[in-house]
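>>> mind looking at a prediction? Sequence and model below.
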Amino acid sequence: MARFTIAHAHIVDGTGRPAYRGFVTVSEGRIESVSELPPAVEGERVEADGLTLTPGFIDMHSHSDLTLFADGRAVSKVSQGITLEVLGQCGISGAPLFGSMVDEVARFFDRHHLDLSYRTMGEYLSAIDRQTAVNVLALIGQGTLRRGVMGEGDGPAGDKELRQMQVAIDEAMKAGALGLSTGLIYPPGCYTSTDEVVALTRTIAPYQGLYFSHLRNEGDTLVEAVDEALEIGQRAGVGVQLSHHKAMGPHNWGKTAITLDHINQAIDSGLDVYLDQYPYVASATSLTALLPDWALVGGHEATLARFEDGELLQRIIEETDRKESRFGWDRTRIGTVSEEQERDLQGKSMAEIAQEWNIAPVHALIRILRDNHMQVSMIRFGMGEDDVERVFRYPRTLIGTDGGAVAPDGPLSQGNPHPRTYGTFARVLGEFVRQKQWTTFEQAIYRMTGLAAQRLHLSHRGRIAPGYWADLVLLDKDQVNDVATFARPHQTAVGIINVYVNGQLEWHDGRHTGALWGNALRYFAER
Ligand SMILES: [Zn+2]
């Protein structure tokens, strides 16, 4: 397909302006012309009467860092119209790799009978280029970096270690990274002081890098955690992206009114802040996140050893139970377990399991973690509808799946991922826009495309205009919706007809074409 013309589509061009009917011609991967009348030079015609053409969706928060190597088709993403993923989130990235992180990442590659061929960010980006159906941008994960340089310890970075991390960040930015991410709620982010994060984040400032933050807390101290992230941006002199914004736990519902107020004040004072969100009231992460921070110091083996020490176990049980009883044990469900014989736990709530086993939920938690060597994911129903709506209506909220690319078939088809990895963008258009009418279709597309591209400083993505890359979605506006559920997550969205990445057809009528036309974008070259 050297040149092709999508004819008679309703064009929603990613700027927020109203749809109009017209012709879009693509040549050499880029949009050649956009017109209301047939173009002078028309390519092979794709008749799109009755359908809507939008720019490709930008997944502001993706965890496909490694999964793209196992299956580059990125089916769960492309099938919902995603053409660009922002990787390296929550402090966890594919590169750069130092120390023990080399072995840890190599284990993923071993499991999929692949060789880990890279160490640096530059090598990582080269390895991923044209191996995937989606374009990617990558952040440097502060957790990945700190664990590589300092191991699993909870102490502050020494001068030498700090210097080593700063040099690595500088190198990665020169190689094309987008910025730095932290997961301040997880080890080792939770052991990292604000000052240390600022010292690292300053390194990305000369490159106009962005700071992406999974906050230190999303519940009881959510407001303080937002303030910390804004302070980091202010002190380091960089733009801030607040990841998957939410308020966890019924007793914290309503707090997003305060956080949005603080964000507005920061914007008024000159800080560049955006948020992102996935359209569900449930979140997903590792089950270990229920344990106190101190119990996780030193990694999984160290935690399992603490379970064997009567006194420490008692402290873990008391602290965890106090927190989780308040949150509600019925709100936490098991996602994916590591042990085959434990599969029947998947999808059940902690309260249900405890009742079946006739023990307290906190004891059930310890048993599940122990029996699965800490490798268990959970899904938590902790958000209130009102907060989800308030965050969605906020004009600077972009959309992100917070999921890694998987597929209904092949090596990534196992387990029970959060349905957001398949459904996020389709659900926003079907549920939040068509059914609930929280915003217009054009505005929703603007946030998923043009505004997201502007936030990422991408000069030739996110719009349907001549010269822009032909990342395009042809969809049925009246049908588009998510299908994936918590019980059956491996289901692709409906209503997404064609998806093009860099001018190449990747998804057509419910099937992946097998094309791997995505590029690893180098941030410095995109502005
Ligand atoms: Zn996160």
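Looks like it arrived, so ask away. Nothing here was measured: the structure is a model prediction, and the numbers come from that model. Numbering: from 1, shown residues only.
>>> write out the residues of the stretch 1-150 of the chain neighbouring the ion.
Residues of the stretch 1-150 of the chain lying close to the ion (CB under 5 Å from the ion) are residue 90. Heads up, the C-betas are built off the backbone N, CA and C, glycines and all.
>>> what residues are up against the closest residue to the ion within the stretch 1-150 of the chain?
Across the stretch 1-150 of the chain, the shortest distance to the ion (CB to the ion) belongs to residue 90, at 3.5 Å. Residue 90 makes contacts with 63, 141, 143, 181, 182, 183, 186, 214, 243, as judged by CB atoms under 8 Å, 6 or more residues apart in numbering.
>>> need phi/psi at it.
The phi/psi pair for residue 90 (degrees, to the nearest 10) reads phi 60, psi 30.
>>> for it, give its distance to residue 47.
For residue 90, the distance to residue 47 (CB to CB, to the nearest Å) stands at 43 Å.
>>> residue 326 now?
57 Å.
>>> same thing with residue 429?
Counting by CB to CB - residue 429 and residue 47 are separated by 22 Å.
>>> those two: who's more crowded?
residue 429 (31 against 11; other CB atoms under 10 Å).
>>> tell me where the stretch 401-527 of the chain has helices.
420-427, 441-448, 450-455, 523-526 (DSSP state H, counting those that start in this stretch).
>>> least confident of the ones you listed, on average?
Ranked by mean pLDDT, these end with helix 523-526 in last place, scoring a mean of 93.
>>> in that one, what counts as buried?
Judged by neighbour count (16 or more other CB atoms under 10 Å), helix 523-526 contains these buried residues: 523, 524, 526.
>>> mind listing residues that contact that helix?
Residues from elsewhere that reach helix 523-526 (CB under 8 Å, 6+ apart): 137, 173-174, 176-179, 207, 209, 456-461.
>>> which SSE is residue 136 in?
Using DSSP states H and E, residue 136 maps to strand 135-138.
>>> and residue 211, by the same measure?
Counting by DSSP H and E, residue 211 is part of strand 210-214.
>>> helices or strands up against the helix or strand just after that strand?
Toward the C-terminal end, the helix or strand that comes next after strand 210-214 (DSSP H and E) is helix 222-236. Helices and strands touching helix 222-236, by 3 or more CB pairs under 8 Å, 6 or more residues apart in numbering; DSSP states H and E, are helix 194-201, strand 210-214, strand 239-242, helix 256-268.
>>> need the ones you listed in TSV (columns: mean neighbour count, mean pLDDT and distance to residue 412).
Below are the helices and strands packed on helix 222-236 laid out as TSV (neighbours: other CB atoms under 10 Å; pLDDT from 0 to 100; distance: least, CB to CB, whole Å):
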stretch	mean neighbour count	mean pLDDT	distance to residue 412
helix 194-201	19	98	32
strand 210-214	28	98	23
strand 239-242	26	98	26
helix 256-268	16	98	33
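>>> residue 41: which of those is closest?
strand 210-214 (39.0 Å; CB to CB).
>>> picking up where we left off before, so how far is the strand holding residue 211 off the chain centroid?
12 Å (CA atoms, centre = their mean, to the nearest Å).
>>> try stretch 472-483
For stretch 472-483, the separation from the chain centroid amounts to 21 Å (computed by CA atoms, centre = their mean).
>>> buried stuff in it?
472, 473, 474, 475, 477, 479, 480, 481, 482, 483.
>>> let's test this: mean pLDDT of that stretch, rounded?
Computed over stretch 472-483, the average pLDDT equals 98.
>>> show the end-to-end separation of that stretch, please.
With CA to CA, to the nearest Å as the measure, stretch 472-483 spans 22 Å from end to end.
>>> name the residues that touch that stretch?
Contacts of stretch 472-483 (CB under 8 Å, 6+ apart): 6, 9-10, 24, 26, 46, 48, 50-57, 80-81, 83, 419, 422-424, 426-427, 429-431, 434, 441, 464, 491-500.
>>> residues near the closest residue to residue 521 other than its chain neighbours, how many?
Counting by CB to CB, 6 or more residues apart in numbering, residue 521 lies nearest to residue 137, which is 5.1 Å off, once chain neighbours are set aside. Counted with other CB under 10 Å, the neighbours of residue 137 add up to 27.
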